[in-house]
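Participant: Okay, here's the prediction I keep looking at, along with the sequence it came from:
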Number of protein chains: 2
Amino acid sequence: MTALSDPGREFTDLLAEVSRVHGLLLAAGDGLAGPAGLTGARWQVLAVVDHGPRTIADVARAMGLTRQAVRQTATGLVRAGLAEFRDNVRDRRARLLAPTPRGRTALREVELRQAEWANDLAARLPATGLRAVTGTLRHLGEVLQGR
Amino acid sequence: MTALSDPGREFTDLLAEVSRVHGLLLAAGDGLAGPAGLTGARWQVLAVVDHGPRTIADVARAMGLTRQAVRQTATGLVRAGLAEFRDNVRDRRARLLAPTPRGRTALREVELRQAEWANDLAARLPATGLRAVTGTLRHLGEVLQGR
DNA sequence: CGGGTTTTGACAGGTACTTGTCAAACTGCC
DNA sequence: GGCAGTTTGACAAGTACCTGTCAAAACCCG
């Protein structure tokens, strides 16, 4: 019978906490994006595309999601008039997603709010810890991905 | 114009990492639960209820989710014959969810696999880091919940 | 050039979660 | 006891992801 070792138990605790925090972050993201007429997911996609037009597959890779997930969000953005597809000379299949002026305006608004929010929260947390935690999580991510 | 402070930027990085790791953990959970005929979500609910029968609202509170989310999973578990509802003397509306023998068997199987997996992963990560990360995340969770 | 492999967007269908609404059951208080 | 307020499960509808499948376009190589 394999039982949980001590490190194993600590690890299990970490998992629960990651889940919890992730849920709270999703909610926070929607809270930040909502007043600008966006959702958390739309904001994230718009932010990627704001650096320059990208194909759906491109955005998916950048975000660590599937093409399908991004496609759905992108379609929503276009329908809402916040982004548009442009023909791609280099690949006739893969049109480029780009923010419309309205999309850019909404994005600027969210980014303002997000900066304030992040600064505020960062100030309330042990400064030294942040970097270390991020590093450990990144390491964990690599291990989970099978190296 | 509010810009991101340095700590603010580190904080933003942390958010991205939490998201990524969460996604990987979800996949890992499904991988562990799948061979036993469960999904990640069903496993989690079954695990809570294994400590003793609970109402849907109870389970939801324990997991930090909404009643509706838990209800959906619970319904699935019952339909699959892995859990059952029992009448509740103390509240006629809220029946108690409890694992069936088959549910318990499946749960034991997943727990075995999970223990092995967690021990293995914990061994590959800096031992000291785990606890600190969990602590910081817990703190972050509290702050995100408005104290 | 031509043919096999890879990449891409689209489509179908499924899971896990959310919010909003409702009526019935419980609870607290006068 | 009775009534206001709360809690509960059910139902409806929506968001954000996923996998699997497909055909067209692009790419690589002999």
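Facilitator: Thanks, I have the structure now. Numbers count the residues shown, from 1 in each chain, chains lettered A, B, ... in the order given.
Participant: so where is chain A shaky, pLDDT-wise?
Facilitator: Applying pLDDT under 70 to the predicted model, the residue ranges of chain A that meet it are A:1-9, A:127-129, A:146-147.
Participant: Contacts only, for the most centrally placed residue in it.
Facilitator: Note on chain A: the residue nearest the mean C-alpha position is residue A:44, at 5.0 Å, using Cα atoms, centre = their mean. By Cβ atoms under 8 Å, 6 or more residues apart in numbering or on different chains, residue A:44 lies in contact with A:29, A:63. All C-beta spots, glycine's among them, are computed from the backbone N, C-alpha and C.
Participant: can the host helix or strand of it be found next to DNA strand C?
Facilitator: Assigned by DSSP states H and E, residue A:44 belongs to helix A:40-50. No. In terms of Cβ under 7 Å from any atom of the strand, no part of helix A:40-50 sits within range of DNA strand C; the closest distance is 11.1 Å.
Participant: C-alpha coordinates for that helix, CSV please?
Facilitator: Output of helix A:40-50 as CSV, limited to C-alpha atoms (Å, rounded to 0.1, in the frame of the first residue of the first chain):
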residue,chain,number,x,y,z
GLY,A,40,-11.1,37.8,-18.6
ALA,A,41,-10.5,35.5,-21.5
ARG,A,42,-11.2,38.2,-24.1
TRP,A,43,-8.9,40.6,-22.4
GLN,A,44,-6.1,38.1,-22.4
VAL,A,45,-6.5,37.4,-26.1
LEU,A,46,-6.8,41.0,-27.0
ALA,A,47,-3.7,41.8,-25.0
VAL,A,48,-1.7,39.3,-27.0
VAL,A,49,-3.0,40.6,-30.3
ASP,A,50,-2.3,44.1,-29.3
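Participant: After that helix, which helix or strand is next?
Facilitator: Of the helices and strands lying after helix A:40-50 in sequence (DSSP H and E), the nearest is helix A:56-63.
Participant: Enumerate the positions of that next one that are buried.
Facilitator: Applying a neighbour-count criterion of 16 or more other Cβ atoms under 10 Å in any protein chain shown, one finds A:56, A:58-60, A:63 buried in helix A:56-63.
Participant: Thank you, goodbye.
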